[in-house]
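[1] here is a sequence with its predicted model. Questions after.
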Amino acid sequence: MKYALRPAANGRDFAAELNPEQYAAVTTDARHALVIAGAGSGKTRTLTYRVARLLECGVAPWRILLLTFTNKAAREMLERVGQLTGQGNEQIWGGTFHSVANRLLRRHAERLGYLPGFSILDSDDQRALFRALVKQFSGKTTKTDRFPKPEVLIGLHSLAINTGRSWQDTLMDDYGHLERFEDTIGKIFEAYRARKMESNSMDFDDLLTNMVRLLREHADVRCDLQDRFLHVLVDEYQDTNTLQAELISLLAGGSNTSLMVVGDDAQSIYSWRGANVDHIFDFTNTYPDAQVYKIETNYRSVPAILEISNAAIAQNSRQFVKTLRPARDAGKLKPAVVPAPDNRTEARFVAQRIDELMSAGIPGKDIAVLYRAHFHSMDVQMELTRNHIPFRITSGLRFFEQAHIKDIVAWLRLLSNPRDEVAFRRIVSTFPRVGEATATKLWQGWLGAVEAWFRANPDAASITAPHSEVMKKVSIPAAARLHWGGFLTSLDSLHPADRELTPTELVKLVQNYMNAYMRSAYDNYEERMEDIGQLIKSLADMPDLDTFLSQVALLSEVDNDTAADDDCVTLSTIHQAKGLEWKIVFVIFLGEGLFPHYRVITGGDSDDMEEETRLFYVALTRAEDQLYLSYPRYNGHSYDSQFCPPSRFLTTLPEELFELWSL
């Protein structure tokens with residue numbers, strides 16, 4: 001006999017507190033539900049009200065599983081649930097995929113060969129272990145070639161796991177320049193797996209792979225968890241990778257389990273780190289009984305911004321068709337499209353317009369400058385600094401504080417000031433097999449030779465003789481001999497006897513020398529080379545090396561942390577800006593080949609271009625009140641400038657949706 005329990009008394013008027021679209025999703029009885037929540041439509045509100053609704057209908061909190069991508073998102077949702085229901089939320093299983101997997105593995109890790117109380121390797125632990133294994137297995141390879149650094153191998157290892165491919169396929173597809181090291185990399189990966197087991201440890205990727213393995217291989221555990229969780233809810237479903245999608249399927253596979261996933265296909269922009277938009281597109285194929293709910297009322301942006309956003313995403317053929325509708329009244333300004341003669345003028349426009357807006361009373365915290373790639377922000381950073389406008393960068397370090405830029409600048413600092421110990425140590429630390437002790441010996445020999453040369457040439461402001469001559473009597477430790485000669489030869493090329501090289505020429509020469517090192521040292525080599533390319537383009541109007549180094553030092557020294565939060569403008573890549581919003585948004589470098597990226601145009605497929613379109617859509621929908629879309633007609637100055645036509649994302653927009661500004 002089955003005995004039916006009546007739903008608990010409903011303490012909230014959900015229909016009054018939600019719009020009809022949200023209410024339909026929150027109150028659905030569908031076993032499988034896909035909620036397509038457009039930008040600014042109240043996705044978090046829908047999820048939290050769904051949990052509150054389940055609790056008020058009598059579902060025990062420990063039978064609800066809420067999976068998110070960040071601890072912050074999980075914490076905010078559970079706090080809102082507590083506020084809505086007036087009861088504690090401690091028993092709800094809410095958290096990131098990794099945190100939930102960790103909790104469950106703590107109970108069952110011995111099934112997979114681990115002992116109770118396994119450790120979790122954080123990123124520093126993982127780097128340390130890989131560093132030891134590289135030293136152990138690379139052996140003589142580093143004497144003739146630059147073996148990839150631990151960070152590169154970690155990136156390869158993680159990408160393979162999160163895309164469900166073998167590391168060999170990932171090596172061929174994404175790290176082809178490392179193919180010659182395949183055998184050694186395989187030994188390192190196998191040793192890495194063994195060392196983790198020996199030390200009873202897991203890294204973050206292991207938490208997901210082991211959780212999936214546990215559920216696959218142990219039916220009793222799988223059935224127990226499927227019986228436990230009556231309701232599985234997933235946030236940002238469009239961002240799930242292969243492992244996460246399988247984990248969801250396994251946990252929600254019970255005969256009585258309901259699954260609700262919430263997301264927006266138009267905001268799927270993370271394929272480069274393993275996310276697969278097919279998961280959200282295929283949901284109704286995977287679950288034929290699924291009900292689809294669309295939430296299209298936007299509470300964030302004025303109508304003019306939504307119109308241009310809808311027009312932008314309409315270019316994609318593969319999507320859940322939806323049209324964002326504004327809940328707000330019309331704003332005062334149409335979105336502006338702003339062509340600039342060059343990248344420096346574009347940056348001047350952004351800085352001047354921000355200064356005007358802040359002078360009119362708009363706090364800096366309500367203004368953002370967004371871009372596709374971090375190097376696009378270099379000129380804006382310089383202009384904001386010159387105009388004393390404080391800013392924070394959420395997409396990474398300030399341009400000249402990035403490691404690869406500091407690698408380049410170190411050469412120029414040493415050329416200008418041969419007594420610069422910090423610059424010298426940074427350069428020689430890029431030599432294979434050179435550690436602190438060897439670097440110290442090299443420095444002592446270098447400095448002794450430099451001082452001897454200046455004693456012999458007391459009127460000289462800098463070393464004018466070839467460095468290979470100045471250093472010929474320096475005793476070089478065996479570990480550094482292979483690369484020391486090339487280092488001196490490269491320094492000689494930076495100050496030829498017949499003329500003084502421009503900053504642009506200097507950076508190009510250093511870049512050529514550092515190319516092999518950067519390939520081995522940085523996981524995102526191509527992006528970093530683009531940074532250096534933009535640096536070269538922006539140096540053409542720099543009169544001399546000392547002027548350039550002085551500007552770099554001043555820009556790096558500016559401390560915006562002392563500024564009030566309200567004063568700080570945000571600079572961010574669009575990827576980092578997803579989920580955020582500002583009253584006023586500038587989207588810069590909207591040139592063809594810059595955004596969309598030239599690699600997508602020349603070597604990508606239709607899926608790649610559609611993701612670029614989604615990225616543009618995400619940028620537009622961050623804006624609440626005002627939107628400025630700009631691009632430089634030429635990127636660079638003088639002979640090295642590159643003509644830059646407007647992005648196809650701009651040229652395909654209906655002209656009546658924006659106002660064209662002329663500088």
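    Perfect, I can see it now.

[2] just the helices in the stretch 551-663 of the chain please.
    574-577, 598-603, 606-620, 648-651 (DSSP state H, counting those that start in this stretch).

[3] could I get the ones you listed as a markdown table with distance to Asn19?
    Where C-beta positions appear, they are placed from N, C-alpha and C, glycine not excepted. Output for the helices of the stretch 551-663 of the chain, formatted as a markdown table (distance: least, Cβ to Cβ, whole Å):
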| stretch | distance to Asn19 |
| --- | --- |
| helix 574-577 | 26 |
| helix 598-603 | 37 |
| helix 606-620 | 22 |
| helix 648-651 | 30 |
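
[4] comparing the ones you listed, which comes out most buried?
    Counting by mean count of other Cβ atoms under 10 Å, helix 606-620 has the highest mean neighbour count of the helices of the stretch 551-663 of the chain, with a mean of 22.

[5] list of residues touching it?
    39, 265-269, 271, 277, 305, 308-309, 312-313, 315-318, 335, 370, 372, 574-575, 577-578, 585, 587, 595-597, 600-601, 627, 647, 649 (Cβ atoms under 8 Å, 6 or more residues apart in numbering).

[6] lowest average pLDDT across the helices of the stretch 551-663 of the chain?
    Of all these, helix 598-603 carries the lowest average pLDDT, namely a mean of 88.

[7] could you list the residues in contact with that helix?
    Contact partners of helix 598-603, identified using Cβ under 8 Å, 6+ apart, comprise 526, 592-593, 608-609, 612.

[8] stretch 61-78 now?
    Under Cβ under 8 Å, 6+ apart, the answer for stretch 61-78 is 44, 47-48, 51, 54-55, 89-97, 99-100, 228-236, 239, 248, 251.

[9] quick one: mean pLDDT for that stretch?
    When pLDDT is averaged along stretch 61-78, the result is 88.

[10] centre of the chain to it, how far?
    Its chain's average C-alpha position is 23 Å from that of stretch 61-78, according to Cα atoms, centre = their mean, to the nearest Å.

[11] for stretch 16-33, same thing?
    On Cα atoms, centre = their mean, the centre of stretch 16-33 falls 33 Å from the chain's centre.

[12] contacts for it next, please.
    Residues contacting stretch 16-33 (Cβ under 8 Å, 6+ apart): 14-15, 35, 41-42, 45-46, 49-50, 53, 257-262, 283, 287, 289-297.

[13] still on that earlier bit, among the helices of the stretch 551-663 of the chain, which is nearest Ile463?
    Closest to Ile463 of the helices of the stretch 551-663 of the chain is helix 598-603 (Cβ to Cβ; 40.4 Å).

[14] dump the longest helix along the chain to CSV, restricted to CA.
    Identified as the longest helix of the chain according to DSSP state H is helix 436-456. The C-alpha coordinates for helix 436-456 follow below in CSV (Å, rounded to 0.1, in the frame of the first residue of the first chain):
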residue,chain,number,x,y,z
GLU,A,436,69.6,29.9,-7.6
ALA,A,437,73.2,28.7,-6.9
THR,A,438,74.3,28.8,-10.5
ALA,A,439,72.6,32.1,-11.1
THR,A,440,74.5,33.6,-8.1
LYS,A,441,77.8,32.4,-9.5
LEU,A,442,77.0,33.8,-12.9
TRP,A,443,76.0,37.1,-11.4
GLN,A,444,79.2,37.4,-9.5
GLY,A,445,81.3,36.8,-12.6
TRP,A,446,79.1,39.1,-14.7
LEU,A,447,79.3,42.0,-12.2
GLY,A,448,83.0,41.6,-11.7
ALA,A,449,83.6,41.9,-15.5
VAL,A,450,81.2,44.9,-15.7
GLU,A,451,83.0,46.8,-13.0
ALA,A,452,86.3,46.0,-14.5
TRP,A,453,85.2,47.4,-17.9
PHE,A,454,83.8,50.6,-16.3
ARG,A,455,87.1,51.1,-14.4
ALA,A,456,88.9,50.8,-17.7
